[in-house]
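Chemist: quick one: sequence and predicted model below, then my questions.
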Amino acid sequence: MSTNEMLFRENKVLGTPLSAISFGGASLSGEGGGYGFGAISESEAEKLILSAWDHGINLFDTAPIYGFGLSEERMGRYLPKEAIVVNKGGVDWHPNKRVNMSNDPKIIEKMFYESLRRLNRDYIDIYMIHWPDFKIDIRLPLEVLIKAKEKGHIKSIGLCNTNLNDLAIAQEMISVDFLQSELNVFNTQSFESLELEWKKRFSMSWGTFDKGILTGRVTEERKFPSEDCRSWAPWWNKKTILLKILKTKKLKMILDEENISLVSFCLSFNLHYIGVSTCLVGFKNQFDLGEITLALQSLPSKTKIEEVLKRWE
């Protein structure tokens, strides 16, 4: 698929159209530890980043916790400077690699400038608070980011996985133009809780395929290597995953009858049915990239999605 064929969303804040499919940087970081989905060699990472760019994807999302900085470093080495980068702060780690989630302003400031260095950039296009922190008033880390923006190190500030309370407080200080949260056919809670807000801003969804389950390639028998967080993460609950696998099989049977792929359905569910601006997708290889870009050419309509969902209930 050429750049002209890629779906784009107009964005007045950054002054450039942004691709409706964006690159999820956790796919680059497995062997680094932290949040990642299996090992990928340096040469494979380079090829994947450049191929995504050549396919028309111009929005690349990452965070320090993805490989404890490895995802950022690889983007810093290979990503064209014209690409739009989304980064996040607040999920830090101790020297022993134990994860520390905090929006303490000192931590946010430290993480931001470390990310800037790893990304090898003068500024970050969109910088987000990664998760709410009920121990820290959100205005405190935002003060740090506002100062960085005034220095030209950030173009726009956004919120990731946020809630109405933090969003309301944040808007007293800044214009929150970008929001990001999890969304897929299994999980619409975050989007429903901020239903009107998503329509006002450039909204990004992560977890489009629910960590691979909704591609149909996660089976009951599949084992994950130690470099893949699905092999050890507490949120990868086997009982819950099994139920989702069974539900995915039922969904695929319905879609097969309609001649619709799982990938096309899940993308269209987010982009057309829910109406987000861009879907973050964690491409692991050239096959994934090709499958996604091909699926964009035949997205089912909102009406068809509603029909399928009724049969799936």
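Modeler: That came through fine. Numbers count the residues shown, from 1 in each chain.
Chemist: helices of the stretch 151-300 of the chain, start to end?
Modeler: Along the stretch 151-300 of the chain, the segments classed as helices by DSSP state H, counting those that start in this stretch run 164-170, 189-193, 195-200, 238-258, 262-268, 286-295.
Chemist: which of the ones you listed sits most buried?
Modeler: helix 262-268 (a mean of 23; mean count of other C-beta atoms under 10 Å). Backbone N, C-alpha and C define where each C-beta goes, glycine included.
Chemist: out of the helices of the stretch 151-300 of the chain, nearest to residue 224?
Modeler: Proximity to residue 224 (C-beta to C-beta) singles out helix 238-258 among the helices of the stretch 151-300 of the chain, at 10.9 Å.
Chemist: by contact count, what packs against that closest one?
Modeler: Applying 3 or more C-beta pairs under 8 Å, 6 or more residues apart in numbering; DSSP states H and E, one finds that helix 238-258 contacts helix 262-268, helix 302-312.
Chemist: for it, the distance to its chain's centre please.
Modeler: 23 Å (C-alpha atoms, centre = their mean, to the nearest Å).
Chemist: same check, this time on stretch 285-296
Modeler: On C-alpha atoms, centre = their mean, the centre of stretch 285-296 falls 17 Å from that of its chain.
Chemist: hmm, who's touching that stretch?
Modeler: 1, 5-7, 20-21, 44, 47-48, 51-52, 55-56, 261, 263-264, 267, 281, 283 (C-beta atoms under 8 Å, 6 or more residues apart in numbering).
Chemist: mind redoing it with 7 Å?
Modeler: Defining contact as C-beta atoms under 7 Å, 6 or more residues apart in numbering, one finds that stretch 285-296 is touched by 1, 7, 21, 48, 51-52, 55, 261, 263-264, 267, 281, 283.
Chemist: nearest to residue 235 among the residues you listed?
Modeler: Nearest to residue 235 among the contacts of stretch 285-296: residue 281, at 19.4 Å, using C-beta to C-beta.
Chemist: for the closest one, list each beta-bridge partner.
Modeler: Going by DSSP bridges, residue 281 is paired in beta bridges with residue 23.
Chemist: correct me, but it touches residue 210?
Modeler: No. Applying C-beta atoms under 7 Å, one finds residue 281 not in contact with residue 210, separated by 11.9 Å.
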